[in-house]
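Trainee: Sequence and computational prediction follow.
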Amino acid sequence: MSTNSLKASTNSLQASSTDRGRAGDKIFSGISLAAGILILAVLFSVAVFLLVQAAPIFTADPTEVTGGNGFAPYILPIVIGTVVAAAIALLIATPIGIAVALFISHYAPRRLARAFGYVVDLLAAIPSVIYGAWGYIILAPQLARVYTWLAENLGWIPIFAGPASQTGKTILTAGIVLAVMVIPIITSLSREIFLQTPNLHEEAALAMGATRWEMVRMAVLPFARPGIISATMLGLGRALGETMAVALVLSPGALVGSLVKSGNQTIAAEIALNFPEAFGLRLNELIAAGLVLFVITLVVNMIARFIITRHKEFSGAN
Amino acid sequence: MSANQMLQRRQSQLTRGHLPSYAVWVVLAASVVLGAALASLVGFSVVGWAIISAVVFVLAATLVTAVAEGERKAKDRLVTFLVYGAFLIALLPLVSVIWTVLERGVPGLSYNFLFTSMNGVTGAVDNEAVEGGTPVLGGAYHAVLGTLQITLWATLISVPIGLLTAVYLVEYGSGKGLTKAITFFVDVMTGIPSIVAGLFAAALFALLFGPGTRTGFVAAVALSVLMIPVVVRSTEEMLKIVPNELREASYALGVRKWRTITKVVIPTAISGIASGVTLSIARVIGETAPILVTAGFASSINWNVFSGWMSTLPTFIYYQILTPTSPTSPDPSTQRAWAAALLLILMVMLLNLVARLVARIFAPKTSR
């Protein structure tokens, strides 16, 4: 009797636990699938909502758009400004970022390398608005003197044409502040890839009598090239979309060729500076500008990610 | 010729053509002296001195090496100097930023600053403070509260979604096309400019609740767009390193998959997950642009994230610098801005520290 009841009770226990378990399994996998799909939906809806809110500007009367000539003449100068600022940032940040990554992965004393890595990560942890404030109050006045000198002595080069900005709030300053923010991105990604270099390649190069630089050039850099390219592209994405540093550091104006004159504007800063007071069509206009920025950074990021994924599949490092 | 002499000759051949180790320091000292001389020619300044000395040192040391040790060694040395120099250059802005924030932020960081809002603080009040030399009134209490509330809501939205997505990616969807798509787009999402995330939230709520809807909650949605990919990535990494033996042992005992995930896999990885979440909070707490376009700006305390405009520390800094409360005497505003910047950096550093501690203290005890 006792065995029977025991059997019955275990049976029922098993049955109930199985049922509950099965339901739990289904619910849990369903929820996690839903979360995954939600993320795709969010990214998709970012594009859709921006498109919907931006739509009125494309059908609006050209005279109603800021500048009075339609959307394209409005957006083009600030797209160019965005690209120029990002290009300056990358020109400065790429060599420094890669060199710092090499320093941490191959040059610094082993025991200190980790600590140095943390220090560079600190650069990335500081909020962008603080960089903006620093550029606005500390860096720009310092650079104003340099710009005056550049305009006086190298003014015949179009990009240094005077008169130089007296406040130093120019696109070159913005580019420099952006470079500071991009360096940690390039460094941390390249560092990881430098560390993945097969040790045997490095040791083989050294055993052949290569100096450290020859070893780096022959074993590390070729291996890391796709990684460096994609790190630079991700840095570019950041530089294109960075808002606060530019909004604070640049005194905006019409597009000018000179880097030391005040003027120029980037998309992100244009939105941040004008959105809080905007209403009506101006709101749609700024959202359309945001859409343009979104598309640009999306393309840049997708190319970067594509390179990384391909590298992962073919490199054999993993 | 004895064996001893042979040995000595060989050694000397091996070390021939090598500069002694003190040579670099001699060149450095010479460059510093020369740099001082050159700098005083063009008008002395410490910065000019440092730059000229560095350039002279790199050139001279390379030249000396080229003459004594050959071209390859010289190139190697030049690159070494450049790499070290790049690191020092990268440190400059960090040191400068932290020094500036400390120097200018500490005087403003008072009890009054921490626990009063900007409610009722007008340009006239600031002017009085400057003229009378009295302490600066007004503070960032409302902004601190706003930051905490918005970040809390962003965390509440992002963590479940991010965690579950990572669970799907690692436990359910390995090898599926959807997994690849999600992984790819999560990576792409990490690169969304923060201002676009803000515009998205603004556009979404404008469609749902009419244009101009600006509340703390809209800002929280914007921040979670930025936060979710970070949570997904870090959680995914952590779940991946949970040993498969643990899962198999659990299945062998007849435990259901979802029980295995919630009772075995996640608890094993919890330290890494918690540290990843903390780091993602540290990332979004300093975001300014999305708050500007979604939560507006307030000068008084707002406890309700679902209605009314709200300030956060970053937007507080931004507006205090760009549009000082008193246009004629901006100093009090600048002082408040730097104090808020110091507070913000302290928060971010604290979060980073907590993340590292959590990862270390609660790390699973493995036998290996």
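Mentor: Structure's in. What do you need? Note that the structure is predicted; figures quoted are calculated from it, not measured.
Trainee: Tell me the pLDDT of residue B:67.
Mentor: Per-residue confidence (pLDDT) for residue B:67: 83.
Trainee: try the one 4 residues further on
Mentor: Residue B:71 carries a pLDDT value of 84.
Trainee: mind listing what residue A:37 touches?
Mentor: residue B:178 (CB atoms under 8 Å, 6 or more residues apart in numbering or on different chains). (C-beta placed from N, C-alpha, C; glycine too.)
Trainee: what's the helix or strand for it?
Mentor: For residue A:37, the element it lies in under DSSP states H and E is helix A:2-59.
Trainee: center of the chain - which residue?
Mentor: Just so you know, I chose chain A. Nearest to the geometric centre of chain A sits residue A:238, at 1.9 Å (CA atoms, centre = their mean).
Trainee: Switch to chain B, please.
Mentor: residue B:283 (6.7 Å).
Trainee: Ignoring the adjacent residues along the chain, who's closest to that one?
Mentor: residue B:230 (6.0 Å; CB to CB, 6 or more residues apart in numbering or on different chains).
Trainee: The one you found: which element?
Mentor: Residue B:230 belongs to helix B:216-240 when assigned by DSSP H and E.
Trainee: Is the next helix or strand after that helix in proximity to chain A?
Mentor: Where DSSP H and E defines the elements, the next helix or strand beyond helix B:216-240 is helix B:244-252. No. On the criterion CB under 8 Å from any CB of the partner chain, helix B:244-252 is out of touch with chain A, staying 12.0 Å away.
Trainee: ok, now stretch B:66-81?
Mentor: Yes. Using CB under 8 Å from any CB, stretch B:66-81 reaches chain A at B:72-73, B:75-76, B:79-80.
Trainee: Helices - which of the residues you listed land there?
Mentor: Applying DSSP state H to those, the entries found in helices are B:72-73, B:75-76, B:79-80.
Trainee: And the buried ones among those residues, selectable in PyMOL?
Mentor: A single PyMOL command is used to select the members of these judged buried by 16 or more other CB atoms under 10 Å in any protein chain shown:
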select buried, chain B and resi 73+75+76+79+80
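Trainee: who's in contact with the residue of the stretch 201-318 of chain A found nearest chain B?
Mentor: Residue of the stretch 201-318 of chain A nearest chain B, by CB to the nearest CB: residue A:241 (2.4 Å). Residues near residue A:241 by CB under 8 Å, 6+ apart: A:268, A:293, A:297, B:191-196.
Trainee: The helix holding residue B:230 - contacts with which helices or strands?
Mentor: Contact analysis of helix B:216-240 by 3 or more CB pairs under 8 Å, 6 or more residues apart in numbering or on different chains; DSSP states H and E lists helix A:2-59, helix B:141-167, helix B:177-190, helix B:194-209, helix B:266-285, helix B:289-294 as its packing neighbours.
Trainee: What residues of it count as buried?
Mentor: For helix B:216-240, by 16+ other CB under 10 Å, it's B:216-236, B:238-239.
Trainee: Would you mind listing what in the stretch 201-318 of chain A touches chain B?
Mentor: A:211-214, A:216, A:234, A:237-238, A:240-244, A:247-248, A:268, A:271-272, A:275-276, A:279, A:283, A:286-287, A:290, A:293-294, A:297-298, A:300-302, A:304-305, A:308-309.
Trainee: chain center to the helix holding residue B:230, what's the gap?
Mentor: 16 Å (CA atoms, centre = their mean, to the nearest Å).
Trainee: And the contacts of the host helix or strand of residue A:269?
Mentor: Per DSSP H and E, residue A:269 falls inside helix A:267-274. Outside helix A:267-274, the residues that touch it by CB under 8 Å, 6+ apart are A:75, A:78-79, A:81-82, A:240-244, A:246-247, A:250, A:252, A:282, A:286, A:289-290, A:292-293, B:193, B:195, B:199, B:288-289, B:292-293.
Trainee: In helices only, show me these.
Mentor: Short answer: the contacts of helix A:267-274 in helices (DSSP H) are A:75, A:78-79, A:81-82, A:240-241, A:244, A:246-247, A:282, A:286, A:289-290, A:292-293, B:195, B:199, B:289, B:292-293.
Trainee: in the stretch 101-250 of chain A, which spans are helices?
Mentor: Counting by DSSP state H, counting those that start in this stretch, the stretch 101-250 of chain A has these helices, from start to end: A:110-125, A:128-134, A:140-153, A:171-196, A:199-207, A:212-215, A:221-241, A:244-249.
Trainee: looking at those, which is buried most?
Mentor: helix A:244-249 (a mean of 30; mean count of other CB atoms under 10 Å in any protein chain shown).
Trainee: just how off-centre is that helix within its chain?
Mentor: On CA atoms, centre = their mean, the centre of helix A:244-249 falls 15 Å from the chain's centre.
Trainee: just for chain B, where's the confidence low?
Mentor: Along chain B, the parts satisfying pLDDT under 70 run over B:1-17, B:43-44, B:364-368.
Trainee: Residues of the stretch 201-350 of chain B that sit close to chain A?
Mentor: Residues of the stretch 201-350 of chain B lying near chain A (CB under 8 Å from any CB): B:202-204, B:206-207, B:211-212, B:225, B:228-229, B:232, B:256-259, B:261-262, B:282, B:285-289, B:292-293, B:296-297, B:314, B:317-318, B:321-322, B:334, B:337-338, B:341, B:344-345, B:348-349.
Trainee: just the helices in the stretch 1-150 of chain B please.
Mentor: B:3-15, B:23-41, B:46-69, B:71-105, B:111-115, B:123-132, B:141-167.
Trainee: what's around residue B:249, how many residues?
Mentor: 13 (other CB atoms under 10 Å in any protein chain shown).
Trainee: Repeat that for residue B:41.
Mentor: 9.
Trainee: Kindly report the same for residue B:255.
Mentor: 16.
Trainee: ok, it - contacts?
Mentor: B:263-264.
Trainee: Let me know the secondary structure of it.
Mentor: Judged by DSSP: H, G, I helix; E, B strand; the rest coil, the three-state class of residue B:255 is coil.
Trainee: how much space between it and residue B:167?
Mentor: 16 Å (CB to CB, to the nearest Å).
Trainee: same check, this time on residue B:322
Mentor: Residue B:322 is 43 Å from residue B:167, by CB to CB.
Trainee: surely residue B:225 meets residue B:197?
Mentor: Yes. The pair residue B:225 / residue B:197 is scored as a contact, 4.2 Å apart, by CB atoms under 8 Å.
Trainee: okay, and the common contacts of these two?
Mentor: With CB under 8 Å, 6+ apart, residue B:225 and residue B:197 have common neighbours residue A:46.
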